[in-house]
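Trainee: Let me see the structure of the following:
(one chain, ligands or ions: 2)
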Amino acid sequence: MAQLLYIETVGCQMNMLDSEMVVASLRRQGWEITPDIEQADTILFNTCSVRAHAEDKIYSALGKLRLWKEEHPEKVIGVLGCMAQKDQQQIFRRAPFVDLIVGPGQLQQVPELIEQARKGARQLVAVSRDRKDGSLAQIKRSHETFDPLRDPTMRPSPFQAYLRIQIGCDKFCTYCVVPMTRGPEQGRPADEIIEEAQLLADQGCLEITLLGQTVNSYHYQQGDEDWRLADLLEKLHEIEGIRRIKFVTSYPRDMDRRLLQTVHDLPKCSSYLHVPLQSGSDAVLTRMRRGYSVDDYRQMIGRISEILPEAAVASDFIVGFCGETEDEFQLTIDALREFRFKNSFIFKYSEREGTRAMDQLADDVPYDVKQRRNNLLLEIQNEISEQENQRFVGRTMDVLVEGRSKKSLKQGDQGPVFQLVGRTNCDRIVVFDGTERQVGQVLPVKVQDVTHHTLLGSIITEHAGPELYLLGSS
Ligand code: SAM
Ligand code: SF4
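Mentor: Ligands and ions are numbered 1, 2, ... in the order given. Model (predicted):
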């Protein structure tokens, strides 16, 4: 009988992609996935350490497995990902019954380590080198990925896939643990990326999302050729079957005219740009060591409006960062109102071990102040999102149908009708009625109503032909 794997993933798209790779490598060895933790032979947590809350959740989930492991000592528990890299042996101190700890740069070892644990080995550790532990080449090598393994069943939908083009980060924002957990910034070889995109297209994938911590800073030197993100987009655009290409997350300073022009010129490129501002105060941006001012960001927004006027821009913000005053927070509100993002991900600052902010700055904004600022910013963002969405009422948009929404099935004149959910080229969520066989198609949907989060519409059945809609609307 096949061995059963239960895997839980928290955190960003990188982690979702890492889990896909781990599952693909285990399936090759005959493992099957179970949604039932009790039935599993091996339980893996793919973890995040960007904020303390994400780690607390994992330690609490591990705590609940203590008795289970006592009753089933032959079963294996593993902690993978950023928390594994950051906490290493500390995890054994808090949860000594954990069998494996594997950092994000060592995931290719997971099948072998599970085998060893099943044979009785305990407390196995595979982590990458620390940023100061060896030459740059050695450190980079110890953060390699094993991306070409792909498993369609682990994707957000069978038609959409993530594709990593960049590993690690060298920006060292003072609050952020990622440069330590994911190692130095490295562009993956362009030919590997193109090959992998072709494989995804062959597997029926329509939309690929290119991933990198500062994805628009991508570069790779191949012989005499210096590959940039714009070059990659041009090549990926030629792949038959791929109909939409997105990339996240972008870094403001590297959002140059050539990249924007490329996105404009290539109809398969999504006009969704996720470029976190983090704060509207120059003083806070300096303390965060983000490497740009609000005015630099304003100029970038100017370039976007000029070259890609239909683009939807999204941001991240951290509220309550070290020393953030009411006046500084007010500047963030002003920036939010000025830039009118499609949506924003808002986080309360969470002090992280190993970061410069933890060593040099006091985490002195009280929790209730962080909470109030978070709520206020979210409220303003929701108002803006709804106002921006209003512009689409009456318009017909191309929607890649992702699947059923959470709402249930209805009986229509011609058989069952589902509420379907999909996304526009500019990443807006659209909900509409349809049938199961429309899932995976790009269809024209006329928007009738909106909320701050969603466009509500109906499929246009009589139209000039799908290609017309494929190229035009945002
Ligand atoms: N590389 C991306 C960038 O620079 O925009 C983002 C990576 S990070 C995993 C995602 C978001 O988490 C960041 O944009 C930031 O807003 C937030 N974040 C990172 N460290 C944080 C911390 N210590 N506390 C709260 N939020 C944090
Ligand atoms: Fe973290 Fe800054 Fe790198 Fe983004 S750019 S991953 S926030 S260090």
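
Trainee: can you list the residues of the protein near ligand 1?
Mentor: 12, 50-51, 175-176, 178, 213-214, 249, 276, 278, 316, 318, 347, 349-350, 352 (C-beta under 6 Å from any ligand atom). In short, each C-beta sits where N, CA and C put it, glycine included.

Trainee: mind listing which of these are in helices?
Mentor: Val178 (DSSP state H).

Trainee: Which residue would be the closest one in the stretch 351-474 of the chain to ligand 2?
Mentor: Residue nearest to ligand 2 within the stretch 351-474 of the chain (C-beta to the nearest ligand atom): Thr355, separated by 8.9 Å.

Trainee: swap in the stretch 201-350 of the chain?
Mentor: Residue of the stretch 201-350 of the chain nearest ligand 2, by C-beta to the nearest ligand atom: Gln213 (3.9 Å).

Trainee: how many neighbours does that residue have?
Mentor: By the criterion of other C-beta atoms under 10 Å, Gln213 has 21 neighbours.

Trainee: try Gln29
Mentor: 12.

Trainee: Then Pro111?
Mentor: The number of residues packed near Pro111 is 14, by other C-beta under 10 Å.

Trainee: rewinding a little: I'd say the residue of the stretch 201-350 of the chain closest to ligand 2 and Glu185 touch.
Mentor: Yes - using C-beta atoms under 8 Å, Gln213 is in contact with Glu185, at 7.4 Å.

Trainee: so what's in contact with those two at the same time?
Mentor: Gln166, Gly168, Cys169, Lys171 (C-beta atoms under 8 Å, 6 or more residues apart in numbering).

Trainee: Report the beta-bridge partners for the first one.
Mentor: To tie it back to what came earlier, the one meant is Gln166. Gly187 (DSSP bridges).

Trainee: and the gap between it and Ala335?
Mentor: Using C-beta to C-beta, to the nearest Å, Gln166 is found at 27 Å from Ala335.

Trainee: ranges for the helices of the stretch 101-250 of the chain?
Mentor: Remark: helices assigned in the stretch 101-250 of the chain by DSSP state H, counting those that start in this stretch are 110-118, 136-141, 178-181, 190-202, 229-237.

Trainee: which strands and helices sit next to the shortest one?
Mentor: Identification of packing neighbours for helix 178-181 by 3 or more C-beta pairs under 8 Å, 6 or more residues apart in numbering; DSSP states H and E yields helix 82-87.

Trainee: Show me what the helix it packs on is packed against.
Mentor: Contact analysis of helix 82-87 by 3+ C-beta pairs under 8 Å, 6+ apart lists strand 42-47, helix 52-63, strand 100-102, helix 178-181 as its packing neighbours.

Trainee: pLDDT of the shortest one, averaged?
Mentor: The average pLDDT for strand 100-102 rounds to 97.

Trainee: who does it pair up with?
Mentor: Strand pairing for strand 100-102, determined by DSSP bridges: strand 76-81 (parallel), strand 124-126 (parallel).

Trainee: Which residue, other than its chain neighbours, is closest to Phe341?
Mentor: The shortest distance from Phe341 to any non-neighbouring residue, by C-beta to C-beta, 6 or more residues apart in numbering, is to Ser315 (4.7 Å).

Trainee: just checking, the one you found touches Glu338?
Mentor: No - using C-beta under 8 Å, Ser315 is not in contact with Glu338; the gap is 11.6 Å.

Trainee: Please identify which of the two sits among more neighbours.
Mentor: Neighbour comparison, Ser315 and Glu338: the larger count goes to Ser315, with 22 against 12 (by other C-beta under 10 Å).
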